[in-house]
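Colleague: need coordinates for the below:
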Amino acid sequence: AGDYIVKDVDGNYLTLLPAVIERLLDQQRLVEEKQQAESALHQTLQELEERVASRTADLQRSNEQLRAEIAERARVEEALRQSEARNRSIVETAIDGIITIDERGTVESFNSAAEHIFGYRAADVIGQNVNILMPSPDREQHDTYLKHYLQTGERKIIGIGREVVGLHQDGTTFSMDLAVGEMLVGDRRMFTGIVRNITDRKQAAQEMQRADRLALVGQLASGLAHEIGTPLNVIAGNAELLRMDLQAQQFDTDILEAIVRQTDRITGLVQQLLTFARAKNEAMGPFPLREPLFHALRLLETRLSHEGITTSIHVPENLPLLWGAADQVEQVFLNVLVNAWHAMPDGGEVTIHAHELDKDQVQITFRDTGMGMTAEAIDKAFDPFFSTKGEQGTGLGLAICKQIIDNHQGQMRLESTPGAGATIIIDFIQANLND
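Modeller: Residues are numbered from 1 along each chain as shown. Below is the predicted model:
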């Protein structure tokens, strides 16, 4: 009943109005839905943009934080590298040997000073047991000691330090100070040993002690020589007169002859004391080494020949002149040759070599084929009153020689092996004729 017909301007019939209206309403709904969809899309895009912006800001902050962490890590790594380089430089430039080992005694580091002290390259020692640096019996006992310490904590040297003996690559031994510390690296127990060769220090101390003894002897020598010499001459003279008188009466003179022999021996000792006391008083000047040497050889030539001792001399004529007192140097040569003679009671040979050591020094060596000396005797050979000859020696011969050579700014040393002879080595300074 509500339907009615409507014509358009051309007279055509149109659809029913409700259908038209419905279509219009559908179109309106479509427009509204499109607008809603566009609005929702816009809102979604806006939310997405905001979310992207937020995520971008978060990412920027994360990147900045990451860059800061990277920079800090780089700074820490560089500081660590510098610290390691500094520590390595300290270890490598230290004058003391620094050695680290693990709890099995295996060497893990070996600095340059240790290379110099022991004569090994670090590459030859690292990975080896540290006992290769020790002479017997320490070498055989070291692993047992280390194991005992790890089991009981009982210390003999760890954390304490003491003087020990080291073994050089060439087989020689030397005195050294050793301090051992313990540390943990992670869960590993490590030990650090710090070593110092004290050979020179001990020699210097021994030289100082010897010099003190020599100074004391020198102070006593002048006074004692006079105080002993005068009454000794009276005793010797009277004993000789009494001996001659008893001989004339055909009495036994053995006791008096013993008195004369002993007074002669004391007289010789007094003369050596005087020589010792006057060793610094003679004027010095240039002289050829051959002059005092051949003079001393001429004085002993007959006696050496009688004892079956031959001499082999290799002393060039063109050696530089020496600086010193020729008479005192002759006394040194006499004492050295007499010692060689006494060391060869069954005969033997003395070989004498001399050569220019460098532009400032000349070296002469006396090598005999005698009985040799022990290491203990060598250490004391230049001490006053030390003698290996018993009552036949005064113990002043080599002490006087050493003092004379020291006064000549030279060096004198002794090398020997029991049963293989001995060698005296003397270094003299050359005379500088341009001064």
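Colleague: show me where the stretch 1-150 of the chain has its helices.
Modeller: Counting by DSSP state H, counting those that start in this stretch, the segments of the stretch 1-150 of the chain that form helices are 17-93, 112-118, 122-125, 138-152.
Colleague: show me what contacts the most centrally placed residue in the chain?
Modeller: Nearest to the geometric centre of the chain sits Asn197, at 3.4 Å (CA atoms, centre = their mean). Residues in contact with Asn197, defined by CB atoms under 8 Å, 6 or more residues apart in numbering, are 117, 166, 174-176. In short, each C-beta sits where N, CA and C put it, glycine included.
Colleague: coming back round to it: winner for burial among the helices of the stretch 1-150 of the chain?
Modeller: Per-stretch averages of neighbours, counted by mean count of other CB atoms under 10 Å, single out helix 112-118 among the helices of the stretch 1-150 of the chain, with a mean of 19.
Colleague: send the alpha carbons of it over as CSV?
Modeller: Extracted C-alpha coordinates of helix 112-118, given in CSV (Å, rounded to 0.1, in the frame of the first residue of the first chain):
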residue,chain,number,x,y,z
SER,A,112,116.4,-12.4,30.8
ALA,A,113,118.3,-12.1,34.1
ALA,A,114,117.7,-15.8,34.8
GLU,A,115,119.1,-16.5,31.3
HIS,A,116,122.2,-14.5,32.1
ILE,A,117,122.6,-16.1,35.6
PHE,A,118,122.2,-19.7,34.5
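Colleague: domain map for this protein?
Modeller: Listed by automatic domain parsing, the domain ranges of the chain are 1-93, 97-197, 200-278, 281-429.
Colleague: winner for burial among those domains?
Modeller: Greatest burial across the domains of the chain, using mean count of other CB under 10 Å, falls to domain 281-429, with a mean of 17.
Colleague: so how far is that domain from its chain's centroid?
Modeller: Here domain 281-429 shows a centroid-to-chain-centroid distance of 30 Å under the convention CA atoms, centre = their mean, to the nearest Å.
Colleague: pLDDT averaged over it - what is it?
Modeller: Mean per-residue pLDDT for domain 281-429: 85.
Colleague: and Val315, how close does it get to Ile426?
Modeller: Using CB to CB, to the nearest Å, Val315 is found at 13 Å from Ile426.
Colleague: between these two, what contacts are shared?
Modeller: Taking CB under 8 Å, 6+ apart as the contact rule, Val315 and Ile426 both touch Ile364.
Colleague: how about the contacts of Asn197 in CSV, adding secondary structure, pLDDT and distance to Glu307?
Modeller: CSV is the format used below for those (DSSP: H, G, I helix; E, B strand; the rest coil; pLDDT from 0 to 100; distance: CB to CB, whole Å):
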residue, secondary structure, pLDDT, distance to Glu307
Ile117, helix, 93, 45
Gly166, strand, 92, 42
Phe174, strand, 91, 38
Ser175, strand, 91, 39
Met176, strand, 92, 44
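Colleague: next, format these as JSON lines and append distance to Ser305.
Modeller: Formatted as JSON lines, these follow (distance: CB to CB, whole Å):
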{"residue": "Ile117", "distance to Ser305": "49"}
{"residue": "Gly166", "distance to Ser305": "47"}
{"residue": "Phe174", "distance to Ser305": "42"}
{"residue": "Ser175", "distance to Ser305": "44"}
{"residue": "Met176", "distance to Ser305": "48"}
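Colleague: of the residues you listed, which is the nearest to Ile235?
Modeller: Ser175 (47.8 Å; CB to CB).
Colleague: quickly list what the closest one is bridged to.
Modeller: For Ser175, the beta-bridge partners are Val165 (DSSP bridges).
Colleague: same question, His355
Modeller: Going by DSSP bridges, His355 is paired in beta bridges with Gln363.
Colleague: which residues touch it?
Modeller: Residues near His355 by CB under 8 Å, 6+ apart: 316, 319, 362-363.
Colleague: how far away is it from Gln430?
Modeller: In this view, His355 and Gln430 are 12 Å apart by CB to CB.
Colleague: give me the common contacts of those two.
Modeller: Common contacts of His355 and Gln430 (CB under 8 Å, 6+ apart): Val362.
Colleague: so for Arg139, what's the pLDDT?
Modeller: On pLDDT, Arg139 comes in at 86.
Colleague: is it true that Val270 touches Leu232?
Modeller: Yes. Using CB atoms under 8 Å, Val270 is in contact with Leu232, at 7.0 Å.
Colleague: any regions of the stretch 1-150 of the chain where pLDDT drops low?
Modeller: For the stretch 1-150 of the chain, the stretches flagged by pLDDT under 70 are 1-20, 85, 87, 89, 91.
Colleague: what do you get if the cut-off is 50, keeping everything else the same?
Modeller: By pLDDT under 50, the weakly predicted segments of the stretch 1-150 of the chain are 1-4.
Colleague: tell me where this structure has strands.
Modeller: Counting by DSSP state E, one finds strands in the chain at the ranges 97-102, 107-110, 162-167, 173-185, 188-197, 285-287, 309-314, 322-324, 348-356, 361-368, 411-416, 422-429.
Colleague: quick one on the thing from earlier: kindly reformat the helices of the stretch 1-150 of the chain as JSON lines and extend each row with distance to Thr253.
Modeller: JSON lines is the format used below for these (distance: least, CB to CB, whole Å):
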{"stretch": "helix 17-93", "distance to Thr253": "76"}
{"stretch": "helix 112-118", "distance to Thr253": "65"}
{"stretch": "helix 122-125", "distance to Thr253": "72"}
{"stretch": "helix 138-152", "distance to Thr253": "61"}
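Colleague: select, out of those helices, the one closest to Ile400.
Modeller: The closest of the helices of the stretch 1-150 of the chain to Ile400 is helix 112-118. By CB to CB, the value is 35.7 Å.
Colleague: which neighbouring elements make contact with the closest one?
Modeller: Secondary-structure packing of helix 112-118 (3 or more CB pairs under 8 Å, 6 or more residues apart in numbering; DSSP states H and E): strand 97-102, helix 122-125, strand 162-167, strand 188-197.
Colleague: out of these, which comes closest to Glu69?
Modeller: That would be strand 188-197 among these, by CB to CB, at 30.3 Å.
Colleague: quick one: that closest one to helix 138-152, angle?
Modeller: Interaxial angle, strand 188-197 versus helix 138-152 (axes from the mean of the first three to the mean of the last three CA atoms, to 10 degrees): 140 degrees.
Colleague: now strand 188-197: mean pLDDT?
Modeller: 90.
Colleague: ok, that strand: who's next to it in the sheet?
Modeller: Sheet pairing for strand 188-197, assigned by DSSP bridges, gives strand 97-102 (antiparallel), strand 173-185 (antiparallel).
Colleague: only C-alpha atoms, please: export the shortest one in PDB.
Modeller: Yep, that's strand 97-102 we're talking about. Output of strand 97-102 as PDB, limited to C-alpha atoms (Å, rounded to 0.1, in the frame of the first residue of the first chain):
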ATOM      1  CA  GLY A  97     116.400 -13.800  37.900                       C
ATOM      2  CA  ILE A  98     112.700 -14.400  38.100                       C
ATOM      3  CA  ILE A  99     111.400 -18.000  37.500                       C
ATOM      4  CA  THR A 100     107.900 -19.400  37.900                       C
ATOM      5  CA  ILE A 101     107.100 -23.000  38.300                       C
ATOM      6  CA  ASP A 102     103.900 -25.000  38.800                       C
END
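Colleague: good, we can wrap up now.
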